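# my questions concern the predicted model and sequence given below.
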Amino acid sequence: MAEFEKIYQDYFKDVFLYVKGLSENDSIAEEITSETFFKAMSALDRFKGTCDVRVWLCQIAKNSYYSYLRKHGRQTDSDKFLIDDASSLEENLAKQEVAMKIHIILHNLSEPYKEVFTLRVFGELRFSQIGKIFGKSGNWACVTYHRAKRKIQNQLEGLMDEKD
């Protein structure tokens, strides 16, 4: 139990900030963070240690947040920015189509690009923090993020070219 308390003390703030970046809501972030540590406590014996504890906790948090959204019938935050009252229905549909393509590309992106991109964009972590999660430098995280971004852009351009 002392081991879990140390994990809780060391990573609570990181997980909370990650979920807050996803939800943009303090109370939802608190709820999901609490749920994350509850789930982690019951699954600690199954943690294989093949990744950093912070990555494991953020993955649990992300899954818990998306379950929360489905349960409450809410849009994901990445969909919220697409809806603008002044935009026409056609523009919103086109933006939503592009967002879905980006989600699919990101889902299929190989590691570590997928995780680094997610931690940077949705978790709003600094490159130094991301580097620490992976046991690498902040420069490594920056380079990996920009490579991931380029991969997403190239694949999206390829999909758009196919459509034309």
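That came through fine.

# against Tyr65, how distant is Gln59?
11 Å (Cβ to Cβ, to the nearest Å). (C-beta placed from N, C-alpha, C; glycine too.)

# who has more neighbours out of these two?
Tyr65 (24 against 14; other Cβ atoms under 10 Å).

# and the strand or helix carrying the more buried one, which residues are buried?
Assigned by DSSP states H and E, Tyr65 belongs to helix 53-72. Across helix 53-72, burial judged by 16 or more other Cβ atoms under 10 Å covers 53-58, 60-62, 64-65, 68-69.

# packing partners of the top helix by length along the chain?
With secondary structure taken from DSSP state H, the chain has its longest helix at helix 138-163. Here helix 138-163 touches helix 89-108, helix 113-121, helix 127-134, going by 3 or more Cβ pairs under 8 Å, 6 or more residues apart in numbering; DSSP states H and E.

# can you give me the angle it makes with helix 127-134?
90 degrees (axes from the mean of the first three to the mean of the last three Cα atoms, to 10 degrees).

# list the buried residues in helix 138-163.
140-142, 144-145, 148, 151-152, 155.

# I'd like to know how many residues surround the spatially closest residue to Asp26 that is not a sequence neighbour.
For Asp26, the nearest residue in space outside its immediate sequence neighbours is Lys20; the separation is 6.5 Å by Cβ to Cβ, 6 or more residues apart in numbering. If you count neighbours by other Cβ under 10 Å, Lys20 ends up with 18.

# so how far is Ile32 from Lys20?
9 Å.

# equivalent analysis for Cys51, please.
With Cβ to Cβ as the criterion, Cys51 and Ile32 are 20 Å apart.

# so which of these two has more stuff around it?
Ile32 (27 against 17).

# list the residues that contact that one.
19, 23, 61, 64-65, 68 (Cβ atoms under 8 Å, 6 or more residues apart in numbering).

# could you redo the last one with a cut-off of 10 Å?
15-16, 18-20, 22-23, 25, 60-68 (Cβ atoms under 10 Å, 6 or more residues apart in numbering).

# could you do Asp45 as well?
Neighbours of Asp45 in contact, by Cβ under 10 Å, 6+ apart: none.

# sorry, back to before: switch the helices and strands packed on helix 138-163 over to JSON lines; also include mean neighbour count.
Formatted as JSON lines, the helices and strands packed on helix 138-163 follow (neighbours: other Cβ atoms under 10 Å):
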{"stretch": "helix 89-108", "mean neighbour count": "13"}
{"stretch": "helix 113-121", "mean neighbour count": "21"}
{"stretch": "helix 127-134", "mean neighbour count": "19"}
